[in-house]
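In: Got a predicted model here, sequence first, then my questions.
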Amino acid sequence: MPSHPKRADPEPAAASGHHGHAKPATALLTLGAIGVVYGDIGTSPLYAMRESFESRSHELAVIEPNILGVLSLTFWSLTIVITIKYLTFVMRADNQGEGGILTLTSMVVPKGAAARGSRAVLVLIGLFGTALLYGDGIITPAISVLSAVEGTEVATSRLESWVIPISIVILIFLFGIQRKGTATIGKVFGPIMVVWFVSIALLGLPHIFDHPDVLRAINPVYAVRFFRANGFHGFLSLGSVMLVVTGGEALYADMGHFGARPIRIGWATLVFPSLLLCYFGQGALLLGDPEAIDHPFYRLAPEPILIPVVILATFATVIASQALISGAYSLTMQAVQLGYIPRVKIKHTSASAFGQIYIGTINWVMMAACIGLVLGFQSSTNLAAAYGLAVTATMVITTILLFVVLRERFKWSKWAAGGLCLFLLIVDAAFLTANIFKIPDGGWFPLLVAVIVFTLMTTWRTGRQLVAARIHRGEILLTDLMDAVSPTPIPRVPGVAIFLFSTPRVAPPALIANLRYNKVLHDRTYILSIRTQDVPRVPPEERSEVIDLGSGVKQIILSYGFMDEPNARLGLTEGAVAELQIRPEDATYFLGAESLNVTQNPGMARWREQLFTVMSRNTTRAARFFNLPSARTVEVGIQVDL
């Protein structure tokens, strides 16, 4: 889900294996992917092994069969979920090079068709998966920073009481610098994370040399024996083992920023080997010293370099947190463009790097929630109980949507698509079921966040459709309006008038009101409709369409992708519209401003209508969102009964 600098030439043929990058460019993209994409999964060694043995939902004896069993589960989880599922198959399901669960959701409905029946259910499932990612985005910074700072407890017990305050200060600093953008600091993400991965590999390697028999855990037989010996507690441990694969969705979401090939190269050459060496090193350490289970990662480090390791871990967790925070911005922008979230103020913090955006509302809500989690759960062990449910539920939803895309976009047979997705679904469902038992201990939090976000998204979507239906109930086609106007000598006033209305070829209520009450038309009158396509981006040269309606009135249609910034002022000077020679700063813009009334009419439940009304009042004004000059914008009030 993270959003970061957009590469100049996205891989349009990621699925076909064609890559047009030169080797140096691929190397730079791979470095960037290591710094951005793998931050979450790369910091899991800080707590995943410990939580697999000592969790609020279960506790396992730190003995050789259990150590080898957990390591076997770790190895095969990384192999099946990350290498096979995401890197090999899910990343093939791209929409013009873009990935992510919201993109995948947009692909399950045929282009130009409405979501009905089972497709509507799939869209709702995809939206719930999107909502779950907000919960994940809140928990990740809290648990990552907290687990890193807890390393100071290993160095000295005198800092134990300072763990919470230090974590909160780091989180405040992290969220406080978001408005400045990450274009500059992002350049050092890659090198720092390379140092991180090399370091965790080197920390684990000496312990593997001390106990080379730990490598036996690669054999899946040890995982089977683990379940047989531990029964239900062994099954519950899956809820903690899955912490090693958190961040899998980030691989898919960031495909459009770096390309599938650099992400795969980074995994195969550095990330996967380093994670395995670190996890197996922790296992080898526990074979020799079971008491090290309190902090197995930090116990890997010799005492003289412990503080530098804590500092490096803190940097790594800040980077991992940055990826999730920026990802929440990107997800919000996509949801706004697709009509699932009200318009919000989006600040672009870099003129050259796409994806460098800042959304203040999301930023401060996430900061407050993260600090609340740190204060409420007090430790990464307690917080781990809340972590995992959102991730695993999203993984299940991704697999379900993948089946549809494989069948319809890639024309796989039902047996091939069904066999692959059934295998992946069994693994995902096992992780999800184990995490369900975490609900009383904290798993309720991401579910609560998801339910709130899902309710807001569906209420906004349904409410906007309801408003559109009410407005269109008495709609007049532009051609009919022009036919009625043509024989009538309507006075003309000098200037350019642009009427904004979402539905092309339909007369805007603001235009009808202007004709009814003012009984005039401007010399040059344009009807502007801005549409969002189900593709990530629309090239500027393909963005505009102009239709001559007669009587000096023209329809302008501007099309944007769900990852584009809809800038009406700029759009009026590009493509086919450029021939009209409109000077955006000299035009007058007319918009409809709905005044909503909650009623007993069929549509939505009364409480949802009230919620929708509150959301509408707090949405960013259309003039600001579409970058219209406020001094030249006129809003015409429209009464709408819900």
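Out: Noted; the coordinates are in hand. The structure presented is a predicted model; accordingly, all values stated were derived computationally and were not measured.

In: Break this structure down into its structural domains.
Out: 14-442, 471-641 (automatic domain parsing).

In: Just say which of those is most tucked in.
Out: domain 14-442 (a mean of 20; mean count of other CB atoms under 10 Å). To be clear about C-beta, it is placed using only N, CA and C from the backbone, and glycine gets the same treatment.

In: For that one, what is the distance to the chain centroid?
Out: Distance, stretch centre to chain centre, for domain 14-442: 13 Å (CA atoms, centre = their mean, to the nearest Å).

In: pLDDT averaged over that domain - what is it?
Out: Over the span of domain 14-442, the pLDDT mean works out to 84.

In: before we move on, what about stretch 478-489?
Out: For stretch 478-489, the per-residue pLDDT averages 72.

In: Kindly export stretch 309-328 (C-alpha atoms) in PDB.
Out: Only the C-alpha atoms of stretch 309-328 are listed here, as PDB (Å, rounded to 0.1, in the frame of the first residue of the first chain):
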ATOM      1  CA  VAL A 309      22.100  -2.200  16.700                       C
ATOM      2  CA  VAL A 310      19.200  -0.600  18.700                       C
ATOM      3  CA  ILE A 311      19.900   2.700  16.800                       C
ATOM      4  CA  LEU A 312      19.900   1.000  13.500                       C
ATOM      5  CA  ALA A 313      16.700  -0.900  14.400                       C
ATOM      6  CA  THR A 314      15.000   2.400  15.300                       C
ATOM      7  CA  PHE A 315      16.000   3.900  11.900                       C
ATOM      8  CA  ALA A 316      14.700   0.800  10.100                       C
ATOM      9  CA  THR A 317      11.300   0.900  12.000                       C
ATOM     10  CA  VAL A 318      10.900   4.600  11.200                       C
ATOM     11  CA  ILE A 319      11.400   3.700   7.500                       C
ATOM     12  CA  ALA A 320       9.000   0.800   7.800                       C
ATOM     13  CA  SER A 321       6.500   3.100   9.500                       C
ATOM     14  CA  GLN A 322       7.000   5.800   6.800                       C
ATOM     15  CA  ALA A 323       6.000   3.300   4.100                       C
ATOM     16  CA  LEU A 324       2.700   2.500   5.800                       C
ATOM     17  CA  ILE A 325       1.900   6.100   6.500                       C
ATOM     18  CA  SER A 326       2.600   7.200   2.900                       C
ATOM     19  CA  GLY A 327       0.600   4.100   1.900                       C
ATOM     20  CA  ALA A 328      -2.400   5.300   3.800                       C
END
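
In: before we move on, the earlier item: got the domains of the chain as CSV, with distance to residue 451 columns?
Out: Formatted as CSV, these follow (distance: least, CB to CB, whole Å):
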stretch, distance to residue 451
domain 14-442, 8
domain 471-641, 13
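
In: same for the helix or strand hosting residue 370, what does it pack against?
Out: Element membership for residue 370 (DSSP states H and E) is helix 360-377. Where contact means 3 or more CB pairs under 8 Å, 6 or more residues apart in numbering; DSSP states H and E, helix 360-377 is packed against helix 118-149, helix 163-176, helix 306-337, helix 380-384.

In: now the angle between helix 306-337 and the second one, please.
Out: If you take axes from the mean of the first three to the mean of the last three CA atoms, to 10 degrees, helix 163-176 sits at 40 degrees to helix 306-337.

In: Check the first one too.
Out: For helix 118-149 and helix 306-337, the angle between their directions (the same axes, to 10 degrees) works out to 160 degrees.

In: next structured bit after helix 118-149?
Out: Next along from helix 118-149, by DSSP H and E: helix 151-155.

In: Who are the packing partners of that following helix?
Out: helix 163-176, helix 296-299, helix 306-337.

In: which residues of the protein fall in strands?
Out: Secondary structure of the chain (DSSP state E): strands at 347-348, 357-358, 492-500, 521-532, 544-550, 553-560, 588-597, 633-641.

In: So which of those strands is nearest residue 75?
Out: strand 357-358 (37.5 Å; CB to CB).

In: what's stretch 309-323 in contact with?
Out: With CB atoms under 8 Å, 6 or more residues apart in numbering as the test, stretch 309-323 has contacts from 2, 4, 35-37, 39-40, 42-43, 46, 140-141, 144-145, 147-149, 151-152, 154-155, 170-171, 174, 182, 185, 189, 192-193, 195-196, 199, 203, 247, 250, 298, 301.

In: how about 7 Å then?
Out: 2, 35-36, 39-40, 42-43, 46, 140-141, 144-145, 148-149, 151-152, 155, 170, 174, 182, 189, 192-193, 195-196, 199, 250, 298, 301 (CB atoms under 7 Å, 6 or more residues apart in numbering).

In: With distance to residue 585 added, can I get the helices and strands packed on helix 151-155 in CSV?
Out: Formatted as CSV, these follow (distance: least, CB to CB, whole Å):
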stretch, distance to residue 585
helix 163-176, 35
helix 296-299, 58
helix 306-337, 25
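
In: now for those helices, which one comes closest to residue 602?
Out: Closest among these, using CB to CB: helix 306-337, at 26.7 Å.

In: Between strand 521-532 and that closest one, find me the angle.
Out: 130 degrees.

In: what sits against residue 604?
Out: Residue 604 touches 462-463, 466, 612, 642, counting by CB under 7 Å, 6+ apart.

In: Return the entry from those with the maximum number of neighbours.
Out: residue 612 (25 neighbours; other CB atoms under 10 Å).

In: which residues touch that residue?
Out: 459-460, 463, 604.

In: and with 8 Å instead?
Out: 459-460, 462-463, 596, 604, 642.

In: separation between residue 177 and residue 365?
Out: 17 Å (CB to CB, to the nearest Å).
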